[in-house]
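Fold the following for me, if possible:
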Amino acid sequence: MPRNQRLPNHDAPAKPTPLDAAIAGYGGSSARIDTTPRRLQLQKDMSILSLPEAIAQNGRLREELAFEQRKSAAGAYLADEIKRVAELLRQALVDFHNLTAALDNWNNGRE
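Numbers count the residues shown, from 1 in each chain. Sure thing, here's the model as predicted:
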């Protein structure tokens, strides 16, 4: 690599793309938007929660986490049930194929 060629600075946050700008226009957020100097400064300037507010927020976050864990467990249960039913269907098809083949062989032996 030539000496005068600079390596990209990976310590700096990535600049927002036009898609990030569109997301921000609708009130959304992305990692690139959240790491702009303006957003970082806004985060620094936000007031610190009081102890009762922090406790209340902690409680809400714990409830949200518990809800998401229950949803995840329900999804895992559904995935397990789908696998079980798919295996039952696969085995039923194998059994059906074997039975029809045996019947065809029996019928061909009678002719």
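
Please give me every residue in contact with the most centrally placed residue in the chain.
Among the residues of the chain, the one closest to the centroid is S72, at 10.5 Å (CA atoms, centre = their mean). S72 makes no contacts at all, as judged by CB atoms under 8 Å, 6 or more residues apart in numbering. All C-beta spots, glycine's among them, are computed from the backbone N, C-alpha and C.

now for the helix or strand of the chain with the lowest mean pLDDT, which elements pack on it?
Least confident helix or strand, the chain: helix 37-45 with a mean of 78, by mean pLDDT, DSSP states H and E. In terms of contacts (3 or more CB pairs under 8 Å, 6 or more residues apart in numbering; DSSP states H and E), helix 37-45 is packed against no helix or strand at all.

Tell me the secondary structure at A14.
coil (DSSP: H, G, I helix; E, B strand; the rest coil).

Please disregard the earlier target; I meant G28.
Reduced to three states by three-state DSSP, G28 is coil.

burial measure for it, as a count.
10 (other CB atoms under 10 Å).

Now the phi/psi pair for S30, please.
phi -150, psi 170 (degrees, to the nearest 10).
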